[in-house]
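A.B. asks: quick check, what structure comes out for this input:
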Amino acid sequence: MNGYNTQASNRLPAKKGSARRKCAAYLSMWRHSQKKDWDAVVRISIDEFGMRRGHDFKTVVSNIETGELLEVVDSHKQKEIIENLSRQASSVREAVEEVSIDMWGGFTKVVQQVFPNAVIVYDRFHVMRMVVSEVKKIARQCGIGKRKEQCCLLKNGKDLSVEESEKLEAALQRDKRLRQAYEYKEEFRLIYEESQTVEEGQRNLEAWLLKVRKVYGKVVQTISEHFEGICNYFISRSSSGVMEGINNRIKLIKRQGYGFTNFENLRLRLLACFTGKGSPSH
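C.D. replies: Numbers count the residues shown, from 1 in each chain. Below you'll find the model as predicted:
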């Protein structure tokens with residue numbers, strides 16, 4: 001511990017009157033970060049965030065059931081993520097039953113190699129975002145390009161106000177294909193909300209894919225290629241929703257800075273802050 005104490009002190013700004021407090025805070029974060037216990041972790045989520053918009057992506061791992069941030073990896077490269085997560089004991093990794101990820105192929109291979117007994121679940125919100133993006137593209141083709149104009153098309157139908165419903169109907173009257181795309185988008189959302197078993201989800205999704213092929217060509221292909229992982233959502237309805245909340249708070253922590261300028265300092269801060277329920281501990 002004395003060796004680490006010296007390293008920590010050397011990394012801190014040497015401003016008189018504050019160095020001791022900063023050193024104590026830094027070491028407190030280090031102690032908290034070492035307590036991340038993967039034992040009994042069954043369902044996890046893996047996602048990424050950028051240190052700069054669209055650049056320098058890092059990988060984050062969370063416990064879906066508790067909202068705790070388990071690890072932050074200084075990379076978004078498949079090989080380096082595998083190397084980092086493989087440091088966990090094989091007994092811990094083999095105990096993980098479900099991993100929720102987006103459809104990036106690198107994450108799929110990470111799960112297959114690091115968590116050999118885990119079921120891959122392609123995150124509901126990432127899949128839904130792909131369908132919504134197609135509605136946005138069709139809306140632009142119909143001359144509805146402004147975000148404000150598209151809002152009623154992208155929002156869940158059940159959440160629309162009376163005024164928004166009227167604007168929606170006016171937009172849908174402009175093009176038959178746009179109306180189909182919107183109605184299919186709503187049907188897709190209901191598959192997630194109303195299917196109670198994996199088998200029911202598979203049947204409903206297969207029927208949807210057959211029906212929407214002419215409108216959602218590329219989306220149909222992508223969903224078909226990831227069909228099993230998408231339907232695995234219905235096993236226990238695992239998603240990366242908790243991770244989205246964590247990522248939003250990571251953005252806030254980055255903006256606030258906390259005086260840290262390198263990745264390791266940021267990692268320590270994040271692991272110390274996110275102790276459970278996806279919220280900072282202090």
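A.B. asks: am I right that residue 144 is in contact with residue 170?
C.D. replies: No - between residue 144 and residue 170 there is no contact under C-beta atoms under 8 Å: 10.2 Å. Any C-beta I mention is one placed from the backbone N, CA and C, and that applies to glycine too.
A.B. asks: tell me which of these two has more neighbours.
C.D. replies: Taking other C-beta atoms under 10 Å, residue 144 and residue 170 do not tie; residue 144 has more neighbours (18 against 10).
A.B. asks: now that one: how far from residue 169?
C.D. replies: 13 Å (C-beta to C-beta, to the nearest Å).
A.B. asks: likewise residue 157?
C.D. replies: Residue 157 sits 11 Å away from residue 169, going by C-beta to C-beta.
A.B. asks: more crowded one of the two?
C.D. replies: Comparing residue 157 with residue 169 by other C-beta under 10 Å, the one with more neighbours is residue 157, at 16 against 11.
A.B. asks: give me the nearest residue to that one, chain neighbours excluded.
C.D. replies: Spatially, and ignoring its direct neighbours in sequence, residue 157 is nearest to residue 186 (5.0 Å; C-beta to C-beta, 6 or more residues apart in numbering).
A.B. asks: quick one: the helices in the stretch 101-250 of the chain?
C.D. replies: For the stretch 101-250 of the chain, the helices defined by DSSP state H, counting those that start in this stretch cover 105-114, 124-141, 147-154, 162-172, 176-194, 198-212, 217-225, 227-231, 233-236, 241-256.
A.B. asks: could you redo those as a markdown table and give each row mean pLDDT and distance to residue 97?
C.D. replies: Converted to a markdown table, the helices of the stretch 101-250 of the chain look like this (pLDDT from 0 to 100; distance: least, C-beta to C-beta, whole Å):
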| stretch | mean pLDDT | distance to residue 97 |
| --- | --- | --- |
| helix 105-114 | 96 | 11 |
| helix 124-141 | 95 | 18 |
| helix 147-154 | 92 | 34 |
| helix 162-172 | 94 | 40 |
| helix 176-194 | 97 | 21 |
| helix 198-212 | 97 | 14 |
| helix 217-225 | 95 | 23 |
| helix 227-231 | 97 | 14 |
| helix 233-236 | 94 | 9 |
| helix 241-256 | 75 | 16 |
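A.B. asks: for residue 64, which of those helices is the nearest?
C.D. replies: For residue 64, the closest of those is helix 241-256, at 5.8 Å, according to C-beta to C-beta.
A.B. asks: helix or strand next in line after that closest one, which one?
C.D. replies: Next in sequence after helix 241-256, counting helices and strands by DSSP states H and E, comes helix 263-273.
A.B. asks: now that following helix: buried residues?
C.D. replies: Judged by neighbour count (16 or more other C-beta atoms under 10 Å), helix 263-273 contains these buried residues: 265, 266, 267, 268, 269, 270, 271, 272, 273.
A.B. asks: look at residue 38 and give its secondary structure.
C.D. replies: What DSSP: H, G, I helix; E, B strand; the rest coil gives for residue 38 is coil.
A.B. asks: so it makes contact with residue 70?
C.D. replies: Yes - Residue 38 lies in contact with residue 70 (C-beta under 8 Å); the separation is 6.3 Å.
A.B. asks: and for those two, which residues touch both?
C.D. replies: Shared contacts of residue 38 and residue 70, defined by C-beta atoms under 8 Å, 6 or more residues apart in numbering, are absent.
A.B. asks: remind me which residues of the stretch 1-150 of the chain are low pLDDT?
C.D. replies: 1-37, 52-55 (pLDDT under 70).
A.B. asks: so who does residue 114 touch?
C.D. replies: The contact partners of residue 114, by C-beta under 8 Å, 6+ apart, come to 82, 85, 86, 93.
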